[in-house]
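*Asks:* structure, please.
(2 chains)
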Amino acid sequence: DTGVSQDPRHKITKRGQNVTFRCDPISEHNRLYWYRQTLGQGPEFLTYFQNEAQLEKSRLLSDRFSAERPKGSFSTLEIQRTEQGDSAMYLCASSSGQGGAYNSPLHFGNGTRLTVT
Amino acid sequence: GDSVTQMEGPVTLSEEAFLTINCTYTATGYPSLFWYVQYPGEGLQLLLKATKADDKGSNKGFEATYRKETTSFHLEKGSVQVSDSAVYFCALSANTGGFKTIFGAGTRLFVKA
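*Replies:* Numbering: from 1, shown residues only, chains lettered A, B, ... in the order given. Below you'll find the model as predicted:
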């Protein structure tokens, strides 16, 4: 178990640019989640994959955001035409689904901190 | 929709003091309840969980009991240490919620030596 890894750790970009983040979940986990966290708040759900299928998307996820998990392993989150309001920590988590999908705890990566200037 | 409300911080305690962080929830289904902790410079990690009413989750001296009648899952520890200084998040995951986990806003705990 090497843990969930996210890349990059930090990203500074100018408004209007596109950015892409990568998440590598724990290898045997089939569920992968993206969350966004701003200062002083808890993580907010963005989207969720079971294997390669994207099963749910939050209304927070505008059409500038897209996520993929092409082979059911790593995932990417792309933000197009970034805005200053997109500045946040983007967290990836995975879970095994053992004991039931909603009983299974999340294992988080350390996040990618995005700053849009 | 489902939601979690936890007490605002920061909470500042002296070492060996008793800790309570309140958490209440609203859910249409039968949620599982979790406490996650984020230590300085680290990612969120599971502290404890309870999956049905009256279950008690425990870990590292922390405890929380799933109270369905009061829709609460308060976190307690009898004697805190400086190393417990962190942000604590209460969370739920419901079988009617599409398997996503919903988090409270977090409570920052400072423990003074």
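*Asks:* B:Arg101 and chain A, how far apart?
*Replies:* Not Arg; residue B:101 is Thr. 6 Å (CB to the nearest CB, to the nearest Å). (C-beta placed from N, C-alpha, C; glycine too.)
*Asks:* phi first, then psi, for that residue.
*Replies:* phi -100, psi 130 (degrees, to the nearest 10).
*Asks:* and what of B:Gln81?
*Replies:* The phi/psi pair for B:Gln81 (degrees, to the nearest 10) is phi -120, psi 160.
*Asks:* distance check, it against B:Tyr25.
*Replies:* Distance, B:Gln81 to B:Tyr25, using CB to CB, to the nearest Å: 28 Å.
*Asks:* neighbour count: those two, which is higher?
*Replies:* More crowded of B:Gln81 and B:Tyr25, by other CB atoms under 10 Å in any protein chain shown: B:Tyr25, with 21 against 13.
*Asks:* now do the contacts for the more buried one.
*Replies:* B:Asp2, B:Ser3, B:Val4, B:Thr5, B:Pro31, B:Leu33, B:Thr71, B:Ser72, B:Phe73, B:Cys90, B:Leu92 (CB atoms under 8 Å, 6 or more residues apart in numbering or on different chains).
*Asks:* before we move on, what SS does it have?
*Replies:* strand (DSSP: H, G, I helix; E, B strand; the rest coil).
*Asks:* hey, what's it bridged with?
*Replies:* B:Val4 (DSSP bridges).
*Asks:* and for A:Met89?
*Replies:* Under the criterion used (DSSP bridges), A:Met89 bridges to A:Gln37, A:Arg113.
*Asks:* how about A:Ser5?
*Replies:* In this entry, A:Ser5 is beta-bridged to A:Asp24, by DSSP bridges.
*Asks:* that one contacts A:Phe108, doesn't it?
*Replies:* No - using CB atoms under 8 Å, A:Ser5 is not in contact with A:Phe108, being 10.9 Å away.
*Asks:* more crowded one of those two?
*Replies:* A:Phe108 (24 against 15).
*Asks:* mind checking pLDDT for that one?
*Replies:* As predicted, A:Phe108 sits at a pLDDT of 96.
*Asks:* what's the burial count for B:Ser83?
*Replies:* B:Ser83: 10 neighbours (other CB under 10 Å).
*Asks:* now the closest residue in space to it that isn't next to it in sequence. Its backbone dihedrals?
*Replies:* When the adjacent residues along the chain are set aside, B:Ser83 lies closest to B:Val111, with 7.8 Å between them (CB to CB, 6 or more residues apart in numbering or on different chains). Dihedral angles phi and psi of B:Val111 (degrees, to the nearest 10) take the values phi -120, psi 120.
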